[in-house]
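[1] Fold the following for me, if possible:
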Amino acid sequence: MTSNSTPAGQERLTSEIRQTRADLGATVEALAAKTDVKTRAKQAVSDTAAQARDRVSAATTSTARLAGSTKERLAEAGRRPTTRRALPPAAIALAAAVGATIVVVRRRRAAARRVSSGPAAWLRRFR
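    Numbering: from 1, shown residues only. Coordinates of the predicted model:
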């Protein structure tokens with residue numbers, strides 16, 4: 001038992017030591033990377049640029065899709081005949097009544113100015 005278990009135990013222990021050293025090396029590399037400000041800044045710029053490219057790509061795709069659908073709708077609208085709805089008779093009557101009222105008021109004011117004459121009318125102009 002002593003002769004067989006000792007080499008296996010030593011190999012296992014050696015393997016664990018190697019694994020621990022590898023883990024420790026990775027940890028040291030990670031800590032060194034965190035303290036390297038210049039590399040971290042470059043990485044942040046690279047990440048931001050990649051995000052911007054992705055957003056531009058997505059916006060370009062959606063804009064192209066929207067432009068295509070708009071083009072189709074415009075083509076479809078060009079094929080359909082357009083019809084204009086007539087103005088309602090009430091709107092026409094209202095416009096005529098407003099126009100007639102304006103004409104009557106202006107004529108009355110003009111007539112009132114013509115009728116007024118003499119010194120009293122002349123003095124009223126300066127009030």
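
[2] and the gap between A64 and A90?
    Using CB to CB, to the nearest Å, A64 is found at 48 Å from A90. Quick note: C-beta positions are derived from backbone N, CA and C, even for glycine.

[3] what's the answer for A75, then?
    38 Å.

[4] Then G68?
    Counting by CB to CB - G68 and A90 are separated by 44 Å.

[5] How is L13 assigned, secondary-structure-wise?
    Following DSSP: H, G, I helix; E, B strand; the rest coil, L13 is assigned to helix.

[6] Which phi and psi values does A96 adopt?
    phi -70, psi -40 (degrees, to the nearest 10).

[7] cool, V105 as well?
    phi -60, psi -40.

[8] By residue count, what's the longest helix in this protein?
    helix 37-79 (DSSP state H).

[9] Which other helices and strands does that helix contact?
    If you count contacts as 3 or more CB pairs under 8 Å, 6 or more residues apart in numbering; DSSP states H and E, helix 37-79 packs onto helix 2-35.

[10] Mind giving me the packing neighbours of the helix it packs on?
    Short answer (3+ CB pairs under 8 Å, 6+ apart): helix 2-35 packs on helix 37-79.

[11] tell me the mean pLDDT for the helix it packs on?
    Averaging pLDDT along helix 37-79 gives 87.

[12] and that helix, how far out from the chain's middle?
    12 Å (CA atoms, centre = their mean, to the nearest Å).

[13] same question, stretch 92-111
    Relative to its chain's centre, stretch 92-111 lies at 50 Å (CA atoms, centre = their mean).

[14] Residues in contact with it: which ones?
    The set of residues external to stretch 92-111 that reach it, using CB atoms under 8 Å, 6 or more residues apart in numbering, is empty.

[15] Now it - C-alpha only, CSV.
    The C-alpha trace of stretch 92-111 is given here as CSV (Å, rounded to 0.1, in the frame of the first residue of the first chain):
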residue,chain,number,x,y,z
ILE,A,92,-71.1,77.9,-48.5
ALA,A,93,-74.2,79.7,-47.0
LEU,A,94,-72.1,80.9,-44.0
ALA,A,95,-69.3,82.3,-46.3
ALA,A,96,-71.9,84.1,-48.4
ALA,A,97,-73.6,85.6,-45.3
VAL,A,98,-70.2,86.9,-43.9
GLY,A,99,-69.3,88.4,-47.3
ALA,A,100,-72.7,90.2,-47.5
THR,A,101,-72.4,91.5,-44.0
ILE,A,102,-68.9,93.0,-44.8
VAL,A,103,-70.2,94.6,-48.0
VAL,A,104,-73.3,96.2,-46.2
VAL,A,105,-71.2,97.5,-43.3
ARG,A,106,-68.6,99.1,-45.6
ARG,A,107,-71.3,100.8,-47.7
ARG,A,108,-73.0,102.2,-44.6
ARG,A,109,-69.8,103.6,-43.3
ALA,A,110,-68.9,105.2,-46.7
ALA,A,111,-72.4,106.7,-46.9
